[in-house]
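In: this one's sequence-less:
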(Lines give C-alpha, C1' and ligand atoms only; values in the text may rest on other atoms or scores of the structure.)
Protein backbone atom coordinates (compact mmCIF):
# COMPACT_ATOMS: atom_id res chain seq x y z
CA UNK A 1 0.00 0.00 0.00
CA UNK A 2 1.49 3.28 -1.01
CA UNK A 3 0.43 6.26 1.08
CA UNK A 4 1.76 9.04 -1.11
CA UNK A 5 -1.66 9.83 -2.52
CA UNK A 6 -3.67 9.81 0.68
CA UNK A 7 -1.15 12.00 2.47
CA UNK A 8 -1.37 14.81 -0.04
CA UNK A 9 -3.26 17.82 1.25
CA UNK A 10 -5.27 19.75 -1.25
CA UNK A 11 -4.55 23.37 -1.95
CA UNK A 12 -6.88 25.90 -0.39
CA UNK A 13 -9.33 27.39 -2.83
CA UNK A 14 -10.29 30.35 -0.64
CA UNK A 15 -8.88 31.15 2.76
CA UNK A 16 -5.84 32.20 4.75
CA UNK A 17 -2.35 30.74 5.12
CA UNK A 18 -0.34 31.85 8.15
CA UNK A 19 3.30 31.00 7.57
CA UNK A 20 6.59 31.48 9.46
CA UNK A 21 5.23 30.75 12.92
CA UNK A 22 8.03 29.68 15.32
CA UNK A 23 7.59 25.89 15.77
CA UNK A 24 7.48 26.12 19.57
CA UNK A 25 4.70 28.71 19.38
CA UNK A 26 2.31 27.09 16.88
CA UNK A 27 -0.10 25.85 19.54
CA UNK A 28 -0.07 29.29 21.23
CA UNK A 29 -1.19 30.82 17.93
CA UNK A 30 -3.88 28.15 17.58
CA UNK A 31 -5.13 29.01 21.06
CA UNK A 32 -5.06 32.79 20.48
CA UNK A 33 -7.08 32.43 17.27
CA UNK A 34 -9.43 29.92 18.92
CA UNK A 35 -8.98 27.40 16.09
CA UNK A 36 -10.06 24.53 18.34
CA UNK A 37 -13.64 25.74 17.93
CA UNK A 38 -13.59 26.48 14.18
CA UNK A 39 -15.56 24.23 11.86
CA UNK A 40 -13.59 25.30 8.78
CA UNK A 41 -11.39 22.78 7.04
CA UNK A 42 -7.84 23.40 8.21
CA UNK A 43 -4.35 21.98 7.90
CA UNK A 44 -1.64 22.64 10.43
CA UNK A 45 2.01 21.78 9.96
CA UNK A 46 4.69 21.97 12.62
CA UNK A 47 8.45 21.51 12.88
CA UNK A 48 8.72 21.95 9.14
CA UNK A 49 12.10 22.94 7.74
CA UNK A 50 12.36 26.64 7.05
CA UNK A 51 15.02 28.39 5.00
CA UNK A 52 14.99 31.41 7.27
CA UNK A 53 14.17 30.30 10.82
CA UNK A 54 15.21 26.71 11.55
CA UNK A 55 11.85 25.06 12.14
CA UNK A 56 8.47 26.60 11.62
CA UNK A 57 4.76 26.06 11.89
CA UNK A 58 2.11 26.84 9.30
CA UNK A 59 -1.69 27.15 9.45
CA UNK A 60 -4.01 26.91 6.44
CA UNK A 61 -7.70 27.61 6.93
CA UNK A 62 -10.35 27.39 4.25
CA UNK A 63 -12.99 30.06 3.85
CA UNK A 64 -11.59 32.15 6.70
CA UNK A 65 -10.49 35.78 6.40
CA UNK A 66 -9.40 37.34 9.67
CA UNK A 67 -9.91 40.93 10.77
CA UNK A 68 -6.73 42.97 11.32
CA UNK A 69 -7.33 43.06 15.08
CA UNK A 70 -7.58 39.26 15.30
CA UNK A 71 -4.38 38.79 13.34
CA UNK A 72 -2.45 41.32 15.39
CA UNK A 73 -3.32 39.33 18.54
CA UNK A 74 -1.02 36.52 17.32
CA UNK A 75 1.92 38.96 17.34
CA UNK A 76 2.58 38.02 20.96
CA UNK A 77 3.52 34.49 19.89
CA UNK A 78 4.51 34.95 16.25
CA UNK A 79 5.55 38.56 15.51
CA UNK A 80 7.20 37.53 12.22
CA UNK A 81 4.31 35.51 10.83
CA UNK A 82 3.34 36.17 7.23
CA UNK A 83 -0.19 35.83 5.91
CA UNK A 84 -1.32 34.94 2.44
CA UNK A 85 -4.95 35.63 1.61
CA UNK A 86 -6.08 33.20 -1.06
CA UNK A 87 -8.95 33.48 -3.50
CA UNK A 88 -9.56 30.96 -6.25
CA UNK A 89 -6.23 29.19 -5.54
CA UNK A 90 -4.29 32.44 -5.98
CA UNK A 91 -2.59 34.67 -3.41
CA UNK A 92 -4.47 37.97 -3.72
CA UNK A 93 -2.93 39.71 -0.71
CA UNK A 94 0.06 39.35 1.60
CA UNK A 95 0.02 40.67 5.13
CA UNK A 96 2.44 41.03 8.02
CA UNK A 97 1.51 41.01 11.67
CA UNK A 98 1.55 44.30 13.61
CA UNK A 99 2.37 44.17 17.29
CA UNK A 100 -0.47 46.12 18.96
CA UNK A 101 0.05 48.99 21.48
CA UNK A 102 -2.27 47.45 24.07
CA UNK A 103 -3.05 43.81 24.84
CA UNK A 104 -6.29 42.98 26.62
CA UNK A 105 -7.25 39.54 27.89
CA UNK A 106 -4.88 37.24 26.00
CA UNK A 107 -1.78 36.91 28.18
CA UNK A 108 -1.41 36.17 31.88
CA UNK A 109 0.56 38.55 34.08
CA UNK A 110 3.86 37.01 35.22
CA UNK A 111 3.38 38.36 38.75
CA UNK A 112 1.64 35.68 40.84
CA UNK A 113 0.43 38.38 43.26
CA UNK A 114 -1.21 40.47 40.49
CA UNK A 115 -4.94 40.90 41.03
CA UNK A 116 -5.60 39.43 37.55
CA UNK A 117 -4.23 36.08 38.76
CA UNK A 118 -6.75 35.59 41.53
CA UNK A 119 -9.82 37.57 40.45
CA UNK A 120 -11.39 35.62 37.58
CA UNK A 121 -13.57 38.50 36.38
CA UNK A 122 -10.71 40.97 35.86
CA UNK A 123 -9.25 40.75 32.35
CA UNK A 124 -5.52 41.30 32.02
CA UNK A 125 -4.51 44.59 30.38
CA UNK A 126 -0.98 45.42 29.21
CA UNK A 127 0.88 48.20 27.42
CA UNK A 128 3.39 46.81 24.92
CA UNK A 129 6.69 48.49 25.88
CA UNK A 130 8.93 46.48 23.53
CA UNK A 131 7.49 45.44 20.17
CA UNK A 132 10.68 43.81 18.88
CA UNK A 133 11.22 41.22 21.64
CA UNK A 134 7.70 41.48 23.13
CA UNK A 135 7.56 42.97 26.62
CA UNK A 136 4.22 43.77 28.25
CA UNK A 137 3.73 46.10 31.21
CA UNK A 138 0.75 45.20 33.39
CA UNK A 139 -1.85 47.93 33.82
CA UNK A 140 -2.55 46.77 37.39
CA UNK A 141 0.78 45.80 39.00
CA UNK A 142 3.24 47.33 36.49
CA UNK A 143 5.35 44.12 36.36
CA UNK A 144 6.86 43.19 32.98
CA UNK A 145 5.83 39.98 31.21
CA UNK A 146 8.08 39.06 28.26
CA UNK A 147 7.93 36.47 25.46
CA UNK A 148 9.88 33.87 27.46
CA UNK A 149 7.51 33.80 30.40
CA UNK A 150 4.34 34.55 28.44
CA UNK A 151 1.46 32.22 29.22
CA UNK A 152 -1.98 32.49 27.72
CA UNK A 153 -5.18 33.10 29.66
CA UNK B 1 0.99 33.53 -7.90
CA UNK B 2 -0.33 30.01 -7.79
CA UNK B 3 -0.26 28.34 -4.39
CA UNK B 4 -1.02 24.78 -5.43
CA UNK B 5 2.60 23.72 -5.15
CA UNK B 6 3.44 25.29 -1.80
CA UNK B 7 0.31 23.90 -0.18
CA UNK B 8 1.14 20.32 -0.96
CA UNK B 9 2.25 18.36 2.08
CA UNK B 10 4.83 15.66 1.54
CA UNK B 11 4.07 12.07 2.35
CA UNK B 12 5.54 10.66 5.54
CA UNK B 13 8.54 8.43 4.97
CA UNK B 14 8.47 6.83 8.42
CA UNK B 15 5.96 7.50 11.16
CA UNK B 16 2.35 7.21 12.27
CA UNK B 17 -0.93 8.39 10.77
CA UNK B 18 -3.91 8.59 13.14
CA UNK B 19 -7.08 8.80 11.08
CA UNK B 20 -10.82 8.96 11.77
CA UNK B 21 -10.64 11.25 14.78
CA UNK B 22 -13.98 13.05 15.38
CA UNK B 23 -13.41 16.66 14.22
CA UNK B 24 -14.59 18.13 17.52
CA UNK B 25 -12.12 15.96 19.44
CA UNK B 26 -8.91 16.50 17.42
CA UNK B 27 -7.44 18.97 19.89
CA UNK B 28 -8.29 16.66 22.82
CA UNK B 29 -6.26 13.91 21.11
CA UNK B 30 -3.41 16.36 20.52
CA UNK B 31 -3.44 17.22 24.22
CA UNK B 32 -3.62 13.59 25.38
CA UNK B 33 -0.62 12.66 23.22
CA UNK B 34 1.25 15.82 24.26
CA UNK B 35 1.95 16.77 20.63
CA UNK B 36 2.44 20.43 21.59
CA UNK B 37 5.85 19.46 22.97
CA UNK B 38 6.98 17.12 20.16
CA UNK B 39 9.78 18.26 17.88
CA UNK B 40 8.86 15.77 15.13
CA UNK B 41 7.57 17.07 11.84
CA UNK B 42 3.80 16.75 11.92
CA UNK B 43 0.74 17.61 9.87
CA UNK B 44 -2.71 17.92 11.38
CA UNK B 45 -5.92 18.20 9.40
CA UNK B 46 -9.33 18.99 10.81
CA UNK B 47 -12.91 19.22 9.59
CA UNK B 48 -11.98 17.14 6.57
CA UNK B 49 -14.76 15.38 4.73
CA UNK B 50 -15.09 11.74 5.72
CA UNK B 51 -17.05 9.06 3.92
CA UNK B 52 -18.00 7.38 7.18
CA UNK B 53 -18.32 10.01 9.89
CA UNK B 54 -19.25 13.46 8.58
CA UNK B 55 -16.16 15.46 9.43
CA UNK B 56 -12.92 14.12 10.79
CA UNK B 57 -9.48 15.02 11.98
CA UNK B 58 -6.19 13.38 11.07
CA UNK B 59 -2.70 13.46 12.58
CA UNK B 60 0.49 12.53 10.73
CA UNK B 61 3.75 12.42 12.67
CA UNK B 62 7.14 11.63 11.20
CA UNK B 63 9.55 9.28 12.93
CA UNK B 64 7.13 8.57 15.77
CA UNK B 65 5.89 5.11 16.77
CA UNK B 66 3.66 5.09 19.82
CA UNK B 67 3.50 2.41 22.49
CA UNK B 68 0.16 0.59 22.81
CA UNK B 69 -0.51 2.23 26.18
CA UNK B 70 -0.04 5.72 24.76
CA UNK B 71 -2.36 5.02 21.87
CA UNK B 72 -5.05 3.52 24.05
CA UNK B 73 -5.14 6.76 26.08
CA UNK B 74 -6.68 8.53 23.07
CA UNK B 75 -9.62 6.13 23.20
CA UNK B 76 -11.38 8.53 25.59
CA UNK B 77 -11.63 11.13 22.81
CA UNK B 78 -11.40 9.03 19.65
CA UNK B 79 -12.42 5.40 20.29
CA UNK B 80 -12.82 4.73 16.55
CA UNK B 81 -9.47 6.14 15.45
CA UNK B 82 -7.42 4.04 13.06
CA UNK B 83 -3.63 4.03 12.99
CA UNK B 84 -1.36 3.39 10.06
CA UNK B 85 2.28 2.68 10.87
CA UNK B 86 4.41 3.76 7.94
CA UNK B 87 7.90 2.67 6.99
CA UNK B 88 9.59 3.75 3.78
CA UNK B 89 6.35 5.38 2.49
CA UNK B 90 4.42 2.11 2.92
CA UNK B 91 1.79 1.13 5.49
CA UNK B 92 3.40 -1.81 7.32
CA UNK B 93 0.81 -2.15 10.09
CA UNK B 94 -2.73 -1.05 10.86
CA UNK B 95 -3.97 -0.66 14.42
CA UNK B 96 -7.23 0.12 16.17
CA UNK B 97 -7.56 1.82 19.52
CA UNK B 98 -8.48 -0.26 22.57
CA UNK B 99 -10.44 1.43 25.30
CA UNK B 100 -8.47 0.63 28.50
CA UNK B 101 -10.01 -0.88 31.68
CA UNK B 102 -8.55 1.83 33.93
CA UNK B 103 -7.78 5.49 33.22
CA UNK B 104 -5.26 7.26 35.40
CA UNK B 105 -4.48 10.96 35.28
CA UNK B 106 -5.93 11.99 31.90
CA UNK B 107 -9.53 13.02 32.55
CA UNK B 108 -11.03 15.28 35.21
CA UNK B 109 -13.79 13.96 37.45
CA UNK B 110 -17.14 15.58 36.65
CA UNK B 111 -17.95 15.95 40.36
CA UNK B 112 -16.80 19.41 41.52
CA UNK B 113 -16.66 18.15 45.11
CA UNK B 114 -14.38 15.21 44.24
CA UNK B 115 -11.06 15.34 46.11
CA UNK B 116 -9.18 15.18 42.77
CA UNK B 117 -10.60 18.60 41.87
CA UNK B 118 -9.11 20.46 44.80
CA UNK B 119 -6.01 18.46 45.76
CA UNK B 120 -3.46 19.06 43.02
CA UNK B 121 -1.22 16.13 43.99
CA UNK B 122 -3.94 13.47 43.69
CA UNK B 123 -4.17 12.01 40.19
CA UNK B 124 -7.61 11.07 38.93
CA UNK B 125 -8.29 7.35 38.67
CA UNK B 126 -11.27 5.80 36.91
CA UNK B 127 -12.67 2.39 36.04
CA UNK B 128 -14.11 2.33 32.51
CA UNK B 129 -17.65 0.98 32.98
CA UNK B 130 -18.84 1.59 29.40
CA UNK B 131 -16.31 1.14 26.62
CA UNK B 132 -18.77 1.78 23.77
CA UNK B 133 -19.96 5.25 24.75
CA UNK B 134 -17.16 5.95 27.26
CA UNK B 135 -18.28 6.17 30.88
CA UNK B 136 -15.74 6.44 33.69
CA UNK B 137 -16.43 5.69 37.36
CA UNK B 138 -14.25 7.69 39.75
CA UNK B 139 -12.16 5.64 42.18
CA UNK B 140 -12.57 8.31 44.88
CA UNK B 141 -16.15 9.63 44.69
CA UNK B 142 -17.78 6.95 42.47
CA UNK B 143 -19.48 9.60 40.27
CA UNK B 144 -19.72 8.84 36.55
CA UNK B 145 -17.93 10.99 33.97
CA UNK B 146 -19.00 10.37 30.39
CA UNK B 147 -17.76 11.44 26.95
CA UNK B 148 -20.05 14.49 26.83
CA UNK B 149 -18.76 16.04 30.03
CA UNK B 150 -15.19 14.77 29.75
CA UNK B 151 -12.57 17.44 30.32
CA UNK B 152 -8.85 16.78 30.30
CA UNK B 153 -6.52 17.37 33.24
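Out: It's in. Bear in mind the structure is a predicted one, so any value in this text is a computation, not a measurement.

In: Which parts of stretch A:95-105 count as buried, going by neighbours?
Out: A:97, A:100, A:103 (16 or more other CB atoms under 10 Å in any protein chain shown). All C-beta spots, glycine's among them, are computed from the backbone N, C-alpha and C.

In: which outside residues touch that stretch?
Out: A:68-69, A:71-76, A:78-85, A:123-128, A:131, A:134, A:136, A:153 (CB atoms under 8 Å, 6 or more residues apart in numbering or on different chains).

In: wait, what's in contact with residue A:107?
Out: A:76, A:124, A:126, A:136, A:145, A:150-153.

In: So which of those residues belong to helices?
Out: Among the contacts of residue A:107, no member is found in helices (DSSP state H).

In: Contacts for the lowest-mean-pLDDT helix or strand in chain A, please.
Out: Lowest on mean pLDDT, DSSP states H and E among the helices and strands of chain A sits helix A:68-73, with a mean of 86. The contact list for helix A:68-73 (CB under 8 Å, 6+ apart) reads A:32-33, A:83, A:95, A:97-100, A:103, A:106.

In: circling back: output the buried residues of stretch A:95-105 in TSV; the columns should cover distance to residue A:23.
Out: TSV is the format used below for the buried residues of stretch A:95-105 (distance: CB to CB, whole Å):
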residue	distance to residue A:23
A:97	17
A:100	24
A:103	23
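
In: Of these, which is the nearest to residue B:12?
Out: Nearest to residue B:12 among the buried residues of stretch A:95-105, counting by CB to CB, is residue A:97 at 30.2 Å.

In: Report pLDDT for the residue lying closest to residue A:123 once chain neighbours are set aside.
Out: In this structure, residue A:123 finds its nearest non-sequential neighbour in residue A:105, 4.0 Å apart by CB to CB, 6 or more residues apart in numbering or on different chains. With respect to pLDDT, residue A:105 scores 88.

In: how far away is residue A:105 from residue A:31?
Out: The gap separating residue A:105 from residue A:31 is 13 Å, by CB to CB, to the nearest Å.

In: Also residue A:38?
Out: Applying CB to CB to residue A:38 and residue A:31 gives a distance of 12 Å.

In: if we look at the longest helix along chain A, which residues are touching it?
Out: Looking across chain A with DSSP H, the single longest helix is helix A:26-33. Outside helix A:26-33, the residues within contact range by CB under 8 Å, 6+ apart are A:18, A:21, A:36, A:44, A:46, A:57, A:59, A:66, A:70, A:73-74, A:76-78, A:81, A:106, A:150, A:152, B:27, B:30, B:36.

In: Can you spell out which helices and strands pack onto the helix or strand just after the least confident helix or strand of chain A?
Out: Using DSSP states H and E, the next helix or strand after helix A:68-73 towards the C-terminus is strand A:82-87. When contacts are defined as 3 or more CB pairs under 8 Å, 6 or more residues apart in numbering or on different chains; DSSP states H and E, strand A:82-87 packs onto strand A:15-22, strand A:90-96.
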